[in-house]
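[1] Have a look at this fold, sequence not included:
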């Protein structure tokens, strides 16, 4: 465990020293980054409530975009991102995604506060023919918002709420999706994978 902590500090120092270069900033963000490619992966769990139905769900997301420092305040980064996610619940599954505007504020060099708002498009399938339940598919769309914080922009917890309405006239009821989990950069998930594999990455 100690070696991962030491590695994180070394990587953070490297990113600070090369803050103007996009690739180090993508892996280990910092307030000194002028602009950077933004790639984050997240795992979350939560509740999917559609009408009177409520079920627990697992949610995995990839978020890709670009973040740029504000000319007026380099502690404020913002930019367009696009997320795509897989959703698995007890009675349904599907995928969702959409564009968002993400804002990141750095109170100091080690803490970042994130918020994003956008539109989410969802395609779902309910039912299972193997159990004799007829499968029903549909599409929903609506606003979504998320909040979170991170350690040096590398990883941290987040929460998200989406209010999705059916696009088909006879579709299922609208959905309220509330999730919470952890998200991080490729450097974070790479370190997790190495630790789980017990390899010398």
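    Happy to help now that I have it. The model shown is predicted, which means the values in this text are computed figures rather than measured ones.

[2] got any ranges where the protein has weak pLDDT?
    Flagging of the chain using pLDDT under 70 yields the residue ranges 1-23, 51-52, 127-134, 169-173, 199-201.

[3] now the residue nearest to the spatial centre of it, nearest residue through space, not along the chain?
    Note on the chain: the residue nearest the mean C-alpha position is residue 42, at 4.7 Å, using CA atoms, centre = their mean. The spatially closest residue to residue 42, leaving aside those adjacent along the chain, is residue 183, at 3.3 Å (CB to CB, 6 or more residues apart in numbering). No exception for glycine: its C-beta is placed from N, CA and C like everyone else's.

[4] burial of the one you found, as a residue count?
    23 (other CB atoms under 10 Å).

[5] So it sits against residue 158, correct?
    Yes - using CB atoms under 8 Å, residue 183 is in contact with residue 158, at 5.5 Å.

[6] Give me the common contacts of the two.
    42, 44, 148 (CB atoms under 8 Å, 6 or more residues apart in numbering).

[7] re the thing from before, which residues touch the residue nearest to the centre of the chain?
    Contacts here follow CB under 8 Å, 6+ apart; on that basis residue 42 touches 59-61, 63, 158, 181-184.

[8] ok, the closest residue to residue 31 other than its chain neighbours to residue 28 distance?
    Closest residue to residue 31 apart from its sequence neighbours, by CB to CB, 6+ apart: residue 106 at 4.1 Å. From residue 106 over to residue 28 the distance is 13 Å, taken as CB to CB, to the nearest Å.

[9] Going along the chain, name the helices of this structure.
    2-17, 22-27, 186-197 (DSSP state H).

[10] Same question for the last one: list its buried residues.
    Neighbour-count burial for helix 186-197 flags 187-189, 191 (criterion: 16 or more other CB atoms under 10 Å).

[11] Include distance to residue 54 when you put the residues you listed into CSV, please.
    Conversion of the buried residues of helix 186-197 to CSV gives the following (distance: CB to CB, whole Å):
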residue, distance to residue 54
187, 36
188, 32
189, 30
191, 35
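
[12] for the residues you listed, which one is nearest residue 88?
    Distance to residue 88, by CB to CB, is smallest for residue 189 among these, at 19.1 Å.

[13] List the contacts of the residue nearest to the closest one when sequence neighbours are not counted.
    Leaving aside its chain neighbours, residue 189 sits nearest to residue 41 (5.5 Å; criterion: CB to CB, 6+ apart). Counting by CB under 8 Å, 6+ apart, residue 41 touches 60-63, 183-184, 186, 189.
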